[in-house]
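>>> What shape does this take:
(3 chains)
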Amino acid sequence: MRRRLTVAALLVAALVFTGCGRDGNEDTGGQAAQGISSGPATGTITVWAMGTEGEKLSVLAKDFEAANPGVKVNVTAVPWDSAHDKISTAIAAKTTPDVSMIGTTWMGEFAKTGALDQTPTDFDKSAFFPGAWDTTVVDGTSYGVPWYVETRLIYYRTDLAAKAGVQPPTNQQQLKEFATALQQKGGAQWGINLQPGDTGSWQTFLPFVWQLGGDVTDASGNWTLDSPQMTQALEYYKSFFTAKLAPGALQPGELESMFVAGKIGAFVSGPWHIGILKEQGGAGFEQKFDVAHMPKEQAGTSFVGGSDLAVFKESKNRDSAWKFVQYLTRPEVQVKWYQTVSDLPSVQSAWSDPALSGDKFLSKFGDQLKDAKSPPAIPTWEQVAAVIDDEVEKATIGNTPPAEAVKAMQKQATSIGTGS
Amino acid sequence: MPVVERPAGAQAPAGRAHRSRGTRASAVRPGARGGRRQVSARTQRAVAAWLLATPFFALFLVFYAAPMLASFVMGFTDLRSTDLRHPLAVNLVGIDNYRRLASDETFRKAVVNTVLFVPVTLALTMVLALAVAVALHKGVERFRTLFRVGYYLPYVTAIVAVSVVWRVMYQHDSGVINRVLGFIGIDGPNWLESTTWSLPAIVIMTAWRGMGYQMVLFLAGLQAIPEGLYEAAEVDGASRWQRFRHVTLPMLRPTVLLGAVLGTIGLVQWFEEPFVMTRGGPLNSTLSVSMFTYNQFGFGNYSYAAAASYTIFAAMVALTAVQFRLLRSNT
Amino acid sequence: MTTATTYAPAAAGRRARRARRARRGRQWWIYALLLVGLVLAVAPFVWMVLGSVKPDAEVRQVPPTWWPENPTLDNYRELFQRLNFPRFFANSVIVATAVTLGNVVFCTMIGYALAKLSFPGRRTLFALVLAMLMIPTVATFVPLFVLVSNFGLANTFGGLILPFLAQPLGVFIMRQFIVGLPDELIDAARVDGAGELRILARVVAPLCGPPIATLAVITFFAQWNNFLWPLVVAQSEDKYTLPVALALYSIGQNNARFGLLMAGAVVIVIPILIIFAFLQRYVVQGIAVTGLKD
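Below you'll find the model as predicted:
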């Protein structure tokens, strides 16, 4: 019995293995992007969107259907939790929808599977924020368009700053002085909160590298994690912790509570905190905080994230799918979308709408978006990001000297590769 | 030809109500027919057994064995998530993944953490559960259902809620645990931020959470111990502790084995608690092998993750075999 | 609780009274300890329930508040309004019930075969089932989904139910219990001319109340909370189960709505608690005899 089972297993294995082996057949790149036909959209378009976007997209879908009689848009809302797994498995089983919303840091991986359709030439890349557009570019080709964006600014307590007699910083040295003043003269326990490591800390850390003119990869796509700018930025980042200006790791909810209580003078985050702070601070708290542009060295760069829209190659209604995407990136539709779910438009001209340009907080986000970068859209990014998070943690709250930490980052990143 | 002679009224062990199926003493059957019937009865039984087993077995082959084989094979390739559209167009790399795992510092840390975590948490959980079960079984007479459901609650409470409460308890300055330690004059550490103490912190929390499940097992096991044994021991002059040691514990051996096997399987796949409380930190001090595997899947390193999962699988099989050996009951 | 009463009645009475007093004294601090433990065990659950009636800002507050300062039913209102609750609840009930029923039937069948019938391959089959208990699911779900969708089962109830109809734990429980049933009973039925299926249905199964209750609770619980698989299998929202739908509205790209999350967690746990409270007596009895015998 046992022998028979072993033989059977070997046979199955043999059959499987004969089909194995890479033959260099990549179906990414090498093909020209196709255009979109003229005329209205037709047929059925299936769309996946995550979270609130998935819930509310039907609002825009109805407008689209009205403008294109006969077309039917089916939106399926997908939870953010495990959405990445859902898309991967759909690609594996070839059960992908026509259109999907894809987080900016996932584009590299999904594009490399060959499942995404190249962005048609009908899209004008200059209409979008450059940092956002870059999130769609893999190996020089664009797969999808940015849908909505977010970027990071320095939130700070205006009352504490006034008490300390300081203005928001314009360069990195001033940022440190700003935090010190908030702490010593403004009465805050901690001058500024910076994420010391742990998932996503690279989003707070890397901007300091970009401001110094450095980056994680060079023009040829090789890792440059041990560059002088990286070392300098990490030393700068660490100095906040050694000088006890930054508190270290906080529990969920502590940041908002402490900021509202005036124990933390400033922190770095994205637009979602506006709503949270207004809610937690209660009436009138809006007057007590503001947001400031990133400090400027060679540039005043911040991180840009958000979500892109992509059409799948397997789509049976490719043309109409792209038409829907086109619709969603029209400036007036982007404004309507902002009004529906508070997502910031990726299209630059949408920002001239008074709903955005008139808001005291949002206008600053719009300003920062003009100088914001994203990490390279490569399949191994998430893994390298985790390495960066780890080493940043070791440097900030551990005892590793920054020079060593960046060397370790470079070593591990090189062995992980860029997935090409 | 041996023939079965049935006395009227099949006897059942005391204490269990059985529906007797009608008791007819069957007569001895004639020889020749009995002979062929005996052989074909066995075959009939074998056929019946396989028929009964077939639905389960069929489902098992299709939905468990096939994917398992596929993922096992995956562990010997260099499949990444970017290969998902052409899963067969990958290279066979032999045991390369396993070799890489052996030299992967993070994986080694995860293994060490898991190896430390599993036996300690299992022991702690079982001791706690046994204590509570004994208390509920003999120690108190009222509110038993309330206590039972109450102690089972952590097992079904959302991990987010559990983590909030335990985080508060582990607070460095104001947390309950450090305050209690302060009464005894011990300066409690910053539990969740310390690389030495975060693992013990999670051990305690996981033990508390899983206790309910083991408690139910022990309650059941305790109920199965016949009162007569205790009475006999008492007559012989045994103290309560001696009764516990010489009657309760040995009789509980099968239950302990069951709990240990199930508990180990659950703990080796330990994921939720470190994920929500500390995300495997600080500095990977609470990283479990399951979480390592999960992360690798997240990075798209499917073949590497598959190899890691089968390492867990092999470990569990080994552990279970050991437990069977150690705890096999002779009763 | 019986005390040995083999001595003279008067002395026995005195002894019994002394014992009772001692017991009461002992019981006092056992109760106390148990109560402390109970508070600790129940605390997160209570916090969860209280958190579901707090506004989001308060739930996030650190240090966490206990009693809600501004109790509100908004979380529940929002949940039920946004969520097509009846549909998701129904899906969860259908899937969990179908899987539970299927498991009860199939596991009893194979459990009986493994316990009472000797046939070639029995040992291998049992070892195989035991090994199944240890397969890490994270490794198999991608190949499983490819398989399921190639069968055309993506986005169907079949795809949600079939992969879970064979639970190794169920086989384990049933087999262990049935092993403990007296052989004489089954042999009697056999001699009376009953086929194995008949024996199973008429003799064995009616005795299996406790393990079936145990199996039902465990299986239902696991299926009810299952998140990743229903998420992956469903291609349209009408096939979502409750955990998937709840995650949809409470977890965002960069932050989570804690109040909603708590409300969702409470909604999900209530049916489980009801079932557990109801069946816990059977559950305890059911595991009583599944101690591991060979």
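>>> Find the nearest non-adjacent residue to residue 117, please.
All of this refers to chain A. Computed as CB to CB, 6 or more residues apart in numbering or on different chains, the closest residue to A:Asp117 that is not its neighbour in sequence is A:Val311, at 4.5 Å. (C-beta placed from N, C-alpha, C; glycine too.)
>>> other chain: chain C
Leaving aside its chain neighbours, C:Leu117 sits nearest to B:Ala49 (3.9 Å; criterion: CB to CB, 6+ apart).
>>> does the residue nearest to A:Asp117 sit in a helix, a strand or a coil?
strand (DSSP: H, G, I helix; E, B strand; the rest coil).
>>> Now do the same contact list for whichever residue of the stretch 201-350 of chain A sits closest to chain B.
As assessed by CB to the nearest CB, chain B sits closest to A:Gln251 within the stretch 201-350 of chain A, at 5.7 Å. Neighbour list for A:Gln251: B:167, C:62 [criterion: CB atoms under 8 Å, 6 or more residues apart in numbering or on different chains].
>>> C:Gln81 - how many residues pack around it?
9 (other CB atoms under 10 Å in any protein chain shown).
>>> Please disregard the earlier target; I meant C:Leu79.
Around C:Leu79 sit 24 other residues, with neighbours defined as other CB under 10 Å.
>>> got it, and the one 5 residues further on?
Using other CB under 10 Å as the criterion, C:Asn84 is surrounded by 15 other residues.
>>> Give me the mean pLDDT for stretch A:197-205.
Here stretch A:197-205 scores 91 as its mean pLDDT.
>>> what residues does the stretch 101-250 of chain A put near chain B?
A:109, A:112-115, A:197-199, A:248-249 (CB under 8 Å from any CB of the partner chain).
>>> Domain map for chain A?
With domains defined by automatic domain parsing, chain A comprises A:39-151+A:304-373, A:153-302+A:377-416.
>>> okay, these in JSON lines with distance to B:Met251 next?
Shown next, in JSON lines, are the domains of chain A (distance: least, CB to CB, whole Å):
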{"stretch": "domain A:39-151+A:304-373", "distance to B:Met251": "45"}
{"stretch": "domain A:153-302+A:377-416", "distance to B:Met251": "46"}
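>>> Bridged to the residue nearest to A:Asp117, which residues?
Here A:Val311 sits in beta bridges with A:Val99, as judged by DSSP bridges.
>>> Which residue, other than its chain neighbours, is closest to B:Gln214?
Nearest to B:Gln214 is B:Ala129, by CB to CB, 6+ apart, at 3.5 Å.
>>> Check A:Val387 too.
A:Gln412 (4.6 Å).
>>> Spell out which helix or strand contains the one you found, please.
Secondary-structure assignment from DSSP states H and E places A:Gln412 in helix A:402-416.
>>> what packs against that helix?
With contacts taken as 3 or more CB pairs under 8 Å, 6 or more residues apart in numbering or on different chains; DSSP states H and E, helix A:402-416 sits against helix A:228-242, helix A:381-396.
>>> residues contacting the residue in the stretch 201-331 of chain B that chain A sits nearest to?
When scored by CB to the nearest CB, the stretch 201-331 of chain B has B:Phe299 as its residue closest to chain A, at 4.0 Å. With contacts defined as CB under 8 Å, 6+ apart, B:Phe299 is in contact with A:380, A:382-383, A:386.
>>> Can I get those in a markdown table including distance to A:Phe365 and pLDDT?
Output for the contacts of B:Phe299, formatted as a markdown table (distance: CB to CB, whole Å; pLDDT from 0 to 100):
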| residue | distance to A:Phe365 | pLDDT |
| --- | --- | --- |
| A:Thr380 | 30 | 91 |
| A:Glu382 | 25 | 89 |
| A:Gln383 | 30 | 91 |
| A:Ala386 | 27 | 91 |
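>>> Rebuild those residues as a markdown table, extending it with distance to chain B and neighbour count.
Below are the contacts of B:Phe299 laid out as a markdown table (distance: CB to the nearest CB, whole Å; neighbours: other CB atoms under 10 Å in any protein chain shown):
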| residue | distance to chain B | neighbour count |
| --- | --- | --- |
| A:Thr380 | 7 | 24 |
| A:Glu382 | 5 | 19 |
| A:Gln383 | 4 | 20 |
| A:Ala386 | 7 | 19 |
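>>> Which of the residues you listed sits closest to A:Glu177?
Checking the contacts of B:Phe299 against A:Glu177 by CB to CB gives A:Ala386 as the nearest, at 32.7 Å.
>>> wait, that closest one sits on B:Met291?
No. Here A:Ala386 does not reach B:Met291: they are 11.9 Å apart, not a contact under CB atoms under 8 Å.
>>> how is chain B carved up into domains?
According to automatic domain parsing, the domains of chain B span B:33-65, B:103-327.
>>> in the shortest one, what counts as buried?
By neighbour count, with 16 or more other CB atoms under 10 Å in any protein chain shown as the criterion, the buried positions of domain B:33-65 are B:45-46, B:48-50, B:52-53, B:55-57, B:59-60, B:62-65.
>>> residues in contact with C:Ser250?
Counting by CB under 8 Å, 6+ apart, the residues that C:Ser250 touches are C:256-258, C:260-261, C:264.
>>> hmm, which of the residues you listed are the buried ones?
For the contacts of C:Ser250, buried by 16+ other CB under 10 Å: C:256-258, C:260-261, C:264.
>>> number of nearby residues for residue 40?
Here I'm looking at chain A. Neighbours around A:Pro40, by other CB under 10 Å: 12.
>>> My question was about chain C, not that one.
By other CB under 10 Å, the burial measure for C:Leu40, its neighbour count, is 17.
>>> Return the distance of it relative to chain B.
Noted for C:Leu40: a distance of 7 Å to chain B, by CB to the nearest CB, to the nearest Å.
>>> Report pLDDT for that residue.
For C:Leu40, the model assigns a pLDDT of 83.
>>> Could you double-check that A:Arg157 lies in contact with A:Gly265?
Yes. Under the criterion of CB under 8 Å, A:Arg157 makes contact with A:Gly265 at 5.6 Å.
>>> can you pull the pLDDT of residue 76?
Just so you know, I chose chain A. 92.
>>> that answer is for a different chain, and I need it for chain C
The model's pLDDT for C:Tyr76 equals 88.
>>> okay, and for the stretch 101-250 of chain A, where does confidence drop off?
Counting by pLDDT under 70, the stretch 101-250 of chain A contains no low-confidence range.
>>> Kindly report the same for chain C.
Judged by pLDDT under 70, the stretches of chain C that qualify are C:1-13, C:15-16, C:18-27, C:281-294.
>>> Kindly report the domain assignment for it.
C:9-45, C:74-288.
>>> Please identify the deepest-packed of these.
Across the domains of chain C, averaging neighbours per residue (mean count of other CB atoms under 10 Å in any protein chain shown) puts domain C:74-288 on top, at a mean of 20.
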